[in-house]
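**Q** return atomic coordinates for the entry below.
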Amino acid sequence: MDFDSLVKSDLEKRIKATQFYFSLFEKKLTAVELDRLILGEKESDKIYAPIVSTNELAQNLLVKAGNMAWIFAYVPFVKSVSLCNYLSFDIAEKDSDIDLLIIAEKNRIYLCRFYVTILLHLMRMRRHGKKISGRFCLSFYLSEEHLNLSKIEQNPYDIYLAYWFLGLKELTNFDPHIWEMLLVENEKWLQRYFGQIELRREPPAILSEKRLLRRLVEWLYKGWLGDKFEALLKCFFEKRASKLAKLLPENASIVVSDEMQKFHNNDRRGLFRRNWEAALNRLGLFK
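**A** Below is the predicted model of the structure:
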């Protein structure tokens, strides 16, 4: 059975496949979670209730992230900030960080990254070196004009990226349309994994207000001056990424462009896919 056949198989097989995927992260799905996360077509049109974490460490990090979300009202060119990776599925350990997806305004992704990094570093909330636990991991940026993630989808299929997307939790946003845009841009490739796409939006979107200092900085960088600094930062970050890539293993995933900034020193998507397939093979579900 190949992957496309699996997601079109009967309900019992899809339930087992979904449960075994999350067992890789030692997470047991509740009935509500399973209903929302099951591979393939949904069996109903249920409106899913918010999921309350049963992981105390994850709950503490979620509360911390929510309490610190005000920082982004001061960061120029941030359109939206979402929680992602393990924490978005209420999975956390003692030394876990807080992974973020940051969507930047068009033509300002480098300036956005620069100011996010500086401000969170000054606030002692940025992950770096051995300072990891409870800090924000700034490893993924997208430009608002390039929200489609199919370009980084791994072959023959990318179960990790599909669930990564489905687990996104919006932390704060400054654009009432950005969440819908994100879903529309990615809906086509996600239909291979899930019939209906249900993005978590907790809490419900409330348009955040930009602070005065941020408005002034954005006005200052609105025209040619912003273009100039954006170009200078692009040159700096590209050279830095090129040097870093030479020191990293083959499975590292580093992208530095006007569309995306992605920094994962150890991209384990292929490993998770193979481990999942091995588990399903033992049950005779994936052959």
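
**Q** centroid residue for this protein?
**A** Closest residue to the average C-alpha location of the chain: residue 84 at 3.8 Å, with CA atoms, centre = their mean.

**Q** which regions of the stretch 1-150 of the chain lie under the pLDDT threshold?
**A** Residues of the stretch 1-150 of the chain meeting the criterion pLDDT under 70: 1, 43-53.

**Q** switch the cut-off to 80
**A** Flagging of the stretch 1-150 of the chain using pLDDT under 80 yields the residue ranges 1, 42-54.

**Q** picking up where we left off before, what separation do you get for the residue nearest to the centre of the chain and residue 164?
**A** According to CB to CB, to the nearest Å, residue 84 stands 6 Å off from residue 164. Using the backbone N, CA and C atoms, a C-beta is placed for each residue, glycine as well.

**Q** residue 191: how many residues sit nearby?
**A** Taking other CB atoms under 10 Å as the criterion, the count of residues near residue 191 is 13.

**Q** name the surrounding residues that touch the longest helix seen in the chain.
**A** Secondary structure of the chain per DSSP state H: the longest helix is helix 224-245. The list of residues contacting helix 224-245 from outside it, by CB atoms under 8 Å, 6 or more residues apart in numbering, reads 107-108, 110-111, 113-114, 220-221, 252, 254, 256, 258, 261, 263.

**Q** out of the residues you listed, what pair is the most spread apart?
**A** Across the contacts of helix 224-245, the longest distance by CB to CB is 35.6 Å; it joins 220 and 252.

**Q** assign the closest residue to residue 20 other than its chain neighbours to helix, strand or coil.
**A** Excluding the flanking residues, the one nearest residue 20 by CB to CB, 6 or more residues apart in numbering is residue 279, at 4.8 Å. Taking DSSP: H, G, I helix; E, B strand; the rest coil as the rule, one finds residue 279 in the helix state.

**Q** and the gap between residue 279 and residue 85?
**A** For residue 279, the distance to residue 85 - CB to CB - is 21 Å.

**Q** what about those two, which has more around it?
**A** More crowded of residue 279 and residue 85, by other CB under 10 Å: residue 85, with 21 against 18.

**Q** bridging residues for the closest residue to the more buried one other than its chain neighbours?
**A** In space, and not counting its chain neighbours, residue 85 is closest to residue 99: 3.9 Å by CB to CB, 6+ apart. Beta bridges link residue 99 to residue 137, judged by DSSP bridges.

**Q** other SSEs contacting the helix or strand following the longest helix of the chain?
**A** Later in the chain than helix 224-245, the nearest helix or strand by DSSP states H and E is strand 253-256. Packing partners of strand 253-256 (3 or more CB pairs under 8 Å, 6 or more residues apart in numbering; DSSP states H and E): helix 224-245, strand 260-264.

**Q** what mean pLDDT does the longest one have?
**A** Mean per-residue pLDDT for helix 224-245: 92.

**Q** now that helix against strand 260-264, angle please.
**A** 30 degrees (axes from the mean of the first three to the mean of the last three CA atoms, to 10 degrees).

**Q** which of the contacts of helix 224-245 are buried?
**A** 108, 110, 111, 113, 114, 221, 256, 261, 263 (16 or more other CB atoms under 10 Å).

**Q** and which of those is nearest residue 68?
**A** Nearest to residue 68 among these, with distances taken as CB to CB, is residue 113, at 18.0 Å.

**Q** checking that closest one next. Helix, strand or coil?
**A** Three-state assignment for residue 113 (three-state DSSP): helix.

**Q** swap in residue 267?
**A** Using three-state DSSP, the secondary structure recorded for residue 267 is coil.

**Q** the nearest residue to it once chain neighbours are set aside: neighbour count?
**A** Nearest non-adjacent residue to residue 267, counting by CB to CB, 6+ apart: residue 253, 3.8 Å away. Neighbour count of residue 253, defined by other CB under 10 Å: 17.

**Q** so what pairs up with residue 253 in the strands?
**A** Assigned bridge partners for residue 253, using DSSP bridges, are residue 264.

**Q** spit out the contact partners of it.
**A** Shown in contact with residue 253 (CB under 8 Å, 6+ apart): 152, 262, 263, 264, 267.

**Q** in CSV: those, plus distance to residue 137.
**A** Shown next, in CSV, are the contacts of residue 253 (distance: CB to CB, whole Å):
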residue, distance to residue 137
152, 17
262, 12
263, 9
264, 10
267, 14
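
**Q** nearest to residue 124, of these?
**A** Closest approach to residue 124 among the contacts of residue 253 (CB to CB): residue 263, at 20.1 Å.
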